[in-house]
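S.K.: A predicted structure for the sequence below; I have some questions about it.
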2 protein chains.
Amino acid sequence: MSAPLRVAIAGLGTVGVGTVTLLGRQQGLIEQRAGRPIIVTAVSSRDRAKDRGIDLSGLAWFDDAAEMAASVEADVVVELIGGSEGIARATAEAAINHGRHLVTANKALLAIHGAELAAAAEAASLALGFEAAVAGGIPIIKSVREGLAANRLSQVTGILNGTCNYILTAMRESGRDFAEVLAEAQALGYAEVDPSFDVDGIDTAHKLAILTSLAFGTRVAFDKLHIEGIRHVSALDIRFAEELGYRIKLLGIARRTEAGIEQRVHPCMVPIGSSIGRVDGVFNAVVAEGDFIGRCLFEGRGAGAGPTASAVAADLIDIAAGRFGPPFGIKTASLADLVPVPMSEHRGAYYVRLMVLDHPGVFADIATALRDEDVSMEAVLQHGRAPGETVPVVMTMHNTKESSMIRALERIQTLAAVVEPPRLIRIENF
Amino acid sequence: MSAPLRVAIAGLGTVGVGTVTLLGRQQGLIEQRAGRPIIVTAVSSRDRAKDRGIDLSGLAWFDDAAEMAASVEADVVVELIGGSEGIARATAEAAINHGRHLVTANKALLAIHGAELAAAAEAASLALGFEAAVAGGIPIIKSVREGLAANRLSQVTGILNGTCNYILTAMRESGRDFAEVLAEAQALGYAEVDPSFDVDGIDTAHKLAILTSLAFGTRVAFDKLHIEGIRHVSALDIRFAEELGYRIKLLGIARRTEAGIEQRVHPCMVPIGSSIGRVDGVFNAVVAEGDFIGRCLFEGRGAGAGPTASAVAADLIDIAAGRFGPPFGIKTASLADLVPVPMSEHRGAYYVRLMVLDHPGVFADIATALRDEDVSMEAVLQHGRAPGETVPVVMTMHNTKESSMIRALERIQTLAAVVEPPRLIRIENF
């Protein structure tokens, strides 16, 4: 056990540089905890000339990460390139095909090809570590796979994208609208120039697909996810949420129901006083619920060089110590096909905001549409009256079927007095 | 890997019965996740006749747990008796001496004899699992030992005793005093008939001693802990805390400083808005802070049959899967001796409440005593005036040395107008 674990790092962006830094700075501590040294022997990146502020002398350099994965003298390849296809996928496959353990922070790759990669790693008795792919530094993969392993889980829910949580928090604190806060986040480097992966919920969905597989023993099924982002969340809705006692969060929710597994990403109203409602800014959080453990919350930094490198290194320490099993917790061949519950079958609580020309009789038309579609209103919020002007009308419903809710809103939208498309935000009562 | 892992359970109290129940009910799921079945083959308890509501037929029965540990046909002994000495200790030692893995929920045993037990287990290549000993179902042992293993931790802080947190929460919500709420908690079964282990902070201290060892790679050093309980927390102090923006929690705090390691258990004021300040009722929470991961919070149920059995079973699954290493994360021989920082050297913020006869000049005497001992006041709170009567005067100090604070209070206590011993509660600004 005293031979060093040799590591090749594919990708020298923020996380790659962070990982090289961490493995250097924590050498002594890691050797104690892993039972042997962990050393970087090779790196790969396209631009060799770039100054990254770290010392790469003495390391083998590869311009091509997949070539490195195939031929390098290393026991583990750490894939930090990103993206579900192309060079990242080729690197991951080459590592396993050539008998090297794989550690990756690549949620897109795992959400799309996780089950095949796991099967290949397992067949070759190799580790596939992906702690860094979900919720950054929070050890949520290990916790769900091992810490809660004696539980039948009923749900895993998370704030999994720090960019969205930052934007929603800043919108609430400043009262500004999405576009303005996004622009600021981009200027500060908290959001990408192309923010779509984050704000349209895709990144959250990738991470949720991985958690679902771990939690329920199902094959990763990204194609069976319902995904909505936060572009339509308005400052107005955030204010109404506050008034109703809620915070708006982009959640990834995986829930076991009698009909199958719900897997959905969308903005949610959650109670202000709930654990998850109070997670603000760039922080991530995951709530897991099991039959013996009850509810458990994990909160921490979901992104950034330090937390992500911490998760990568935790996987490397486990590999060095020989502590690894099937990547998704059970034999890949035993993973069940996920039976999805269509979103139309979802039952839950809803917040609806209409923009309405305030004149007599409008509300009766709205109420009729709801009644006809079997939607029962819980509360209505309308501030003052402004005859002849456009005013927001906010309603909440409880225990309503999604398909009925949608049909009712389709009818309501045809009313002449309803001047904008209705806004719907689901309520999750934690 | 398909031979079952055979388990002998020592102690059939709430947790023992919960563990037998869990291992029965989750058989299929556990076999998948452990890679082989986990079966109970033997149990021990003093009273064989008692109806525990579970089926024990077919299991070997032992009246003497230590005898079972020595002679049973089992791979693992689960010690759920409790107490640092006597039969619990004899059982733990017998298990290891006879080549059986040991899993235990016994924090007292580990806080006092953890390092020796770990050395014995390690020497025999056996597992010593104690996830259930700290924070119930929260996988905090695994998270600190493995999930955060790439970090140099600066602190671990926790609400580690559900009874105390329940009492403090109920006191705040009802405005009642300690004795009354304790009596109610005892009637409800949330507190023991002899509540001393809980309310005097000893249980928290046991758990903290274990976390300290894991976090800092030091030998468990229960004798180097500063311990205060919650008996002196009054409804009045809880109200003042609220007014100042704080909640009162019993915290276990282990912190690395330049002078050594602070290890202390005492009531703290923490900001109402902080993650840990919002953990109420029987819930536990642990905050860990590392140089790469930043701050990470874990929250969940800290006691009860279900959560504790969940933790016991997680250890069993790890053992069945062959995933275990040195019990405290590094080789027991490498654990350093803990260099404690004496409480008198602690620097921090303080809340002080005096009961004072309201007459002219009193405050000048108090201020003089503080100034002479180099204690600088941050704020004073006194509601209204009541000449000639006894009134509370509340002060907060920041960045003050404990020894100076104590000396100042000793002087203040000698003033004729100060009619009760001053109350001091440390403030932790999370």
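M.R.: Ah, there it is. Residues are numbered from 1 along each chain as shown, chains lettered A, B, ... in the order given.

S.K.: residue ranges of the strands in the stretch 301-430 of chain A, please?
M.R.: All strands of the stretch 301-430 of chain A, identified by DSSP state E, counting those that start in this stretch, fall at A:347-357, A:377-381, A:390-401, A:423-427.

S.K.: possible to save the ones you listed as TSV with distance to B:Ile112?
M.R.: (Each C-beta comes from the backbone N, C-alpha and C, glycine too.) Formatted as TSV, the strands of the stretch 301-430 of chain A follow (distance: least, CB to CB, whole Å):
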stretch	distance to B:Ile112
strand A:347-357	50
strand A:377-381	55
strand A:390-401	53
strand A:423-427	50
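
S.K.: Out of the ones you listed, which is closest to chain B?
M.R.: Closest of the strands of the stretch 301-430 of chain A to chain B is strand A:423-427, at 20.8 Å (criterion: CB to the nearest CB).

S.K.: May I have the strands that pair with the closest one, each with its orientation?
M.R.: When pairing is defined by DSSP bridges, strand A:423-427 lines up against strand A:260-271 (parallel), strand A:347-357 (antiparallel).

S.K.: In JSON lines: those strands, plus mean neighbour count and mean pLDDT.
M.R.: What follows is the strands paired with strand A:423-427, written out as JSON lines (neighbours: other CB atoms under 10 Å in any protein chain shown; pLDDT from 0 to 100):
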{"stretch": "strand A:260-271", "mean neighbour count": "23", "mean pLDDT": "98"}
{"stretch": "strand A:347-357", "mean neighbour count": "20", "mean pLDDT": "96"}
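
S.K.: wait, which of the strands of the stretch 301-430 of chain A is closest to A:Thr91?
M.R.: Nearest of the strands of the stretch 301-430 of chain A to A:Thr91, taken as CB to CB: strand A:423-427 at 38.4 Å.

S.K.: returning to what we had before: out of the strands of the stretch 301-430 of chain A, which gets nearest to A:Ala187?
M.R.: Of all the strands of the stretch 301-430 of chain A, strand A:423-427 sits nearest to A:Ala187, with 27.5 Å by CB to CB.

S.K.: rewinding a little: as CSV, the strands paired with strand A:423-427 with distance to A:Thr390 would be great.
M.R.: Putting the strands paired with strand A:423-427 into CSV (distance: least, CB to CB, whole Å) gives the following:
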stretch, distance to A:Thr390
strand A:260-271, 23
strand A:347-357, 5
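
S.K.: Of these, give the one that comes closest to B:Asn284.
M.R.: Of these, nearest to B:Asn284 by CB to CB is strand A:260-271, at 21.1 Å.

S.K.: what's near enough to touch the residue of the stretch 301-430 of chain A found nearest chain B?
M.R.: Chain B sits closest to A:Ala313 of the stretch 301-430 of chain A, with a gap of 3.3 Å, by CB to the nearest CB. Taking CB atoms under 8 Å, 6 or more residues apart in numbering or on different chains, we find A:Ala313 in contact with A:19, A:22-23, A:26, A:30, A:38, B:149-150, B:292.

S.K.: now the residues you listed as a markdown table including neighbour count, pLDDT and secondary structure?
M.R.: What follows is the contacts of A:Ala313, written out as a markdown table (neighbours: other CB atoms under 10 Å in any protein chain shown; pLDDT from 0 to 100; DSSP: H, G, I helix; E, B strand; the rest coil):
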| residue | neighbour count | pLDDT | secondary structure |
| --- | --- | --- | --- |
| A:Thr19 | 31 | 98 | helix |
| A:Leu22 | 23 | 98 | helix |
| A:Leu23 | 22 | 98 | helix |
| A:Gln26 | 23 | 98 | coil |
| A:Ile30 | 25 | 98 | helix |
| A:Ile38 | 23 | 98 | strand |
| B:Ala149 | 27 | 98 | coil |
| B:Ala150 | 30 | 98 | coil |
| B:Phe292 | 25 | 98 | coil |
